[in-house]
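Participant: What shape does this take:
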Amino acid sequence: MHIKGGNIISAETAEYTVLRVLGEGVEIRQYPKQTLISTDAKDQNTAFSILANYIFGGNAEGIRISMTTPVTTVLNDNGLQMSFVLPSGYYADNVPNPRDERITIRELEPRKIATIRFSGHLNRGKYMQKKHELVEILERESIVVKGNAFLMQYDPPWVLPMLRHNEVAIEVD
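Facilitator: Below is the predicted model:
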């Protein structure tokens, strides 16, 4: 089954195939090769502004690129790294060059991701709770974790918290 995640805004959503549903809001998905733009920042607003400027034409070629979902965020001790998945058809060799040196372009090879879905207000505590739940479920199912957890957000900030589609995700074997 091929899925395009549902969201309230009209944006292309990264395509994936559901391989397994574990219950408790957990899915194992296969993602194809993806091209991302990423930046490191102290907070989400700063990171989002840097990346949004790029897709709204603030790149070397002045090309506007459609917004996609989800927006992915890796939390770390120094702040975070935020990434936008570029629309299908963009690859490292045909994406406009950034004008902002804080933006990097990278390609992710096909990978398997475990996700746990939740809604509501998002904060570090909620993220850590959902990360812990996801890791516990994966351990119980004998699924090997390959990487660090990250956040996937599908909705703009003006969407009511109870309607927001958020996920904590982690790469698995």
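
Participant: Tell me which residue is most central in this protein.
Facilitator: Central residue of the chain (CA atoms, centre = their mean): Thr72, 2.6 Å from the mean position.

Participant: from memory that one sits against Asn148, does it?
Facilitator: No - between Thr72 and Asn148 there is no contact under CB atoms under 8 Å: 11.6 Å. For the C-beta atoms, the positions are set from N, CA and C on the backbone; glycine is no exception.

Participant: what residue ranges in the chain are flagged as low confidence?
Facilitator: 1-10 (pLDDT under 70).

Participant: Residue ranges of each domain in it, please.
Facilitator: Structural domains assigned to the chain are 2-9+18-32+111-171, 34-67+77-108, following automatic domain parsing.

Participant: And Thr68, how far from Asn97?
Facilitator: From Thr68 across to Asn97, the span is 19 Å (CB to CB, to the nearest Å).

Participant: The two - which one has more neighbours?
Facilitator: Each of Thr68 and Asn97 has its neighbours counted (other CB atoms under 10 Å); Thr68 has more, 20 against 10.

Participant: quick one: contacts for the more buried one?
Facilitator: Going by CB atoms under 8 Å, 6 or more residues apart in numbering, Thr68 touches Ala11, Glu12, Thr13, Ala14, Phe84, Val85, Leu86, Pro87.

Participant: out of those, who's nearest Ala169?
Facilitator: Taking CB to CB as the measure, Ala14 is the one of the contacts of Thr68 closest to Ala169, at 11.0 Å.

Participant: is it true that Asp26 touches Thr115?
Facilitator: For residue 26 the amino acid is Val, not Asp. Yes - with contact defined as CB under 8 Å, Val26 reaches Thr115; the gap is 6.8 Å.

Participant: what number of residues lie near Gly11?
Facilitator: Wrong residue type there; residue 11 is Ala, not Gly. Other residues near Ala11 come to 16 when the count uses other CB under 10 Å.

Participant: Next, work out how far apart it and Asp155 are.
Facilitator: Going from Ala11 to Asp155 by CB to CB gives 10 Å.
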